[in-house]
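Trainee: Sequence first, then the predicted structure, then my questions.
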Amino acid sequence: MAMPRRMLRTPSQRIEPAVLGAVVYILNEDGPDGLTVRAIAKRAKVAPMTIYNHFNGKNGLLEIVWTDGFSTLQQALGIETGDPAHDLIASALAYRNFALEHRAHYTVMFIHHFDGFVPSIPATQLAAQTFQVLVNHIQRCQAVGLFEGYSATNAAQMMWSACHGYVSIELTSVNFSSDHEGTFRSLITGLLRGLGPSLSTP
């Protein structure tokens with residue numbers, strides 16, 4: 001049984017960029033409803049059975065997109081300069097940038113429920129580890145007087161809810177602000193001001 005898996009590995013490595021590129025393209029251009037095995041195969045110029053044989057079908061591809069997305073987001077949020085408040089605001093800005101630059105990934109991670117797709121245990125653990133980066137930012141802020149009276153997890157949930165709500169509206173093109181980034185900065189700094197001393201933006 002080991003031999004067939006080894007024989008498939010090299011072809012999978014060659015076709016993976018084209019297939020994953022097709023997934024991202026379709027999600028960006030046609031939305032989640034357009035993401036079918038047939039559409040992916042056509043865009044990647046491979047046979048539909050290739051998607052099943054090499055990636056365990058559409059759900060296997062969604063798992064890869066989910067994992068790549070959370071890995072990238074976790075790295076983007078890992079900002080640490082020694083100024084906890086600055087770092088928290090900077091991480092919020094990084095979250096928004098990630099959502100805008102990786103819309104397809106963000107859709108899989110946070111916006112659309114794909115029928116039948118359940119992330120694996122390692123994938124959900126990666127998502128939890130990414131959220132923990134935000135919790136760690138809150139804990140460092142608490143050491144300088146912010147978020148007093150809140151658990152770090154609850155405060156992190158508030159911060160994430162603010163970021164996710166704003167960027168979700170922005171991604172659906174219903175953000176009527178005249179300055180999208182400036183309004184987002186005001187939202188985040190306003191939340192922090194309401195929960196602690198006045199802060200300056202980075």
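Mentor: Structure received. It should be emphasised that the depicted structure is a prediction, and the values quoted were computed from it without experimental measurement.
Trainee: As a check, name the ranges of all helices in the chain.
Mentor: Ranges of helices within the chain are 2-30, 37-44, 48-55, 57-77, 84-101, 103-106, 121-142, 152-171, 180-194, based on DSSP state H.
Trainee: between the ones you listed, which one is nearest to residue 112?
Mentor: Closest to residue 112 of the helices of the chain is helix 2-30 (CB to CB; 8.6 Å). In short, each C-beta sits where N, CA and C put it, glycine included.
Trainee: Excluding chain neighbours, give the residue nearest to residue 27 in space.
Mentor: residue 104 (3.7 Å; CB to CB, 6 or more residues apart in numbering).
Trainee: need the contact list for that neighbour.
Mentor: Residues counted as contacts of residue 104 (CB atoms under 8 Å, 6 or more residues apart in numbering) are 23, 24, 25, 27, 28, 65.
Trainee: Would you confirm that the fourth one contacts residue 109?
Mentor: When you say that, I think you mean residue 27. No - using CB atoms under 8 Å, residue 27 is not in contact with residue 109, being 11.4 Å away.
Trainee: residues contacting the residue nearest to residue 43 when sequence neighbours are not counted?
Mentor: Spatially, and ignoring its direct neighbours in sequence, residue 43 is nearest to residue 22 (3.6 Å; CB to CB, 6+ apart). The contact partners of residue 22, by CB under 8 Å, 6+ apart, come to 39, 40, 41, 43, 44.
Trainee: how about a cut-off of 7 Å?
Mentor: Applying CB atoms under 7 Å, 6 or more residues apart in numbering, we find residue 22 in contact with 40, 43, 44.
Trainee: hang on, the last one packs against residue 17?
Mentor: What it means is residue 44. No - judged on CB atoms under 7 Å, residue 44 makes no contact with residue 17 at a distance of 9.1 Å.
Trainee: domain parsing for the chain?
Mentor: Domains of the chain are assigned by automatic domain parsing as 1-55, 59-202.
Trainee: Would you convert the ones you listed into CSV that also reports mean pLDDT?
Mentor: As requested, the domains of the chain are exported to CSV (pLDDT from 0 to 100):
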stretch, mean pLDDT
domain 1-55, 82
domain 59-202, 93
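Trainee: which of those domains sits most buried?
Mentor: Looking across the domains of the chain with neighbours counted as mean count of other CB atoms under 10 Å, the highest average goes to domain 59-202: a mean of 17.
Trainee: ok, residue 187 to residue 136 distance?
Mentor: Between residue 187 and residue 136 the computed distance is 22 Å (CB to CB, to the nearest Å).
Trainee: Repeat that for residue 170.
Mentor: Taken as CB to CB, the span from residue 170 to residue 136 is 26 Å.
Trainee: now swap in residue 147 and tell me
Mentor: The gap separating residue 147 from residue 136 is 13 Å, by CB to CB.
Trainee: what is in contact with the two at once?
Mentor: Joint contacts of residue 147 and residue 136 (CB under 7 Å, 6+ apart) do not exist.
Trainee: residues in contact with the residue nearest to residue 133 when sequence neighbours are not counted?
Mentor: Counting by CB to CB, 6+ apart, residue 133 lies nearest to residue 77, which is 4.6 Å off, once chain neighbours are set aside. By CB under 7 Å, 6+ apart, the residues touching residue 77 are 91, 94, 95, 130, 133, 134.
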